[in-house]
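Q: Provided below for reference: sequence and predicted model.
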Amino acid sequence: MEDVLTDLDRAKVDAGDDDAFYGQPRFVTHADDGFLDRLTELYGTVSTDGDRVFDAMSSWVSHLPAFDYERVVGHGLNAAELEANDALDEWFVQNLNDDQVLGLDDDAFDLVTCALSVQYLQYPGAVFREFARVLAPDGVLVVSFTNRMFPTKAVRAWRQASMDERVDLVESYCRAAGLTVTDVVRERPETDPFYAVVARRAD
């Protein structure tokens, strides 16, 4: 199945090994407090106690509300960051630019989150199809981003796009996965712009 991005679209300035780039833990947040507080608030509107959550492309903090989730699984590229994330019940390391197939069961999660990381995906169509596969019927995907990034590791399509064009990109990733976009948030709660695309598995 063809991906959303062309070879030119997915090009990176730094084509070196992602595992090496992310090998050292970065115990920092990649957006300001206003963005992160708004993200937690948004998660609180689309999830509830007892939900099962998959936090894709995560790090040492997941920004989830203080709900009694049944299960929270994290994924990322740095084991030390994931180990330090108190929100996670379990986690695994996987480079989605090398291997897009998640070792997770079908229909296993009520909420999939991807915060401040979608700009690094070189095969977003394939990854989002995996997000859709692991979502339960009526499950929700939340993809959030701001104007910050590691520019050498972001794909060309993202680097060259405006913020609204980045929304269009994420919406196209959702459509490629058969997900229905139900909401788009464009706000500036503090200094960093807060953008989020919310999509739902309809079946």
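A: Perfect, thanks for sending it.
Q: What's the local residue count around the closest residue to Gln122 other than its chain neighbours?
A: Computed as Cβ to Cβ, 6 or more residues apart in numbering, the closest residue to Gln122 that is not its neighbour in sequence is Arg10, at 4.1 Å. C-beta coordinates here come from the backbone N, C-alpha and C atoms, glycine included. Per other Cβ atoms under 10 Å, the neighbour tally for Arg10 reads 18.
Q: Repeat that for Tyr69.
A: Residues near Tyr69, counting by other Cβ under 10 Å: 19.
Q: In this structure the residue nearest to Gln122 contacts Ala126, no?
A: No. Look at Arg10 against Ala126 with Cβ atoms under 8 Å: they stay out of range, at 11.3 Å.
Q: secondary structure class for His75?
A: strand (DSSP: H, G, I helix; E, B strand; the rest coil).
Q: Run a quick neighbour tally on it.
A: 21.
Q: Pro65 and Glu171: what is the separation?
A: In this view, Pro65 and Glu171 are 25 Å apart by Cβ to Cβ, to the nearest Å.
Q: Repeat that for Thr180.
A: 10 Å.
Q: higher neighbour count, these two?
A: Neighbours per residue (other Cβ under 10 Å) separate Thr180 from Glu171, with Glu171 holding more: 16 against 12.
Q: residue contacts, the residue nearest to Val140 when sequence neighbours are not counted?
A: Spatially, and ignoring its direct neighbours in sequence, Val140 is nearest to Val46 (4.7 Å; Cβ to Cβ, 6+ apart). Val46 makes contacts with 111, 140, 142, 198, as judged by Cβ atoms under 8 Å, 6 or more residues apart in numbering.
Q: Brilliant, that's me finished.
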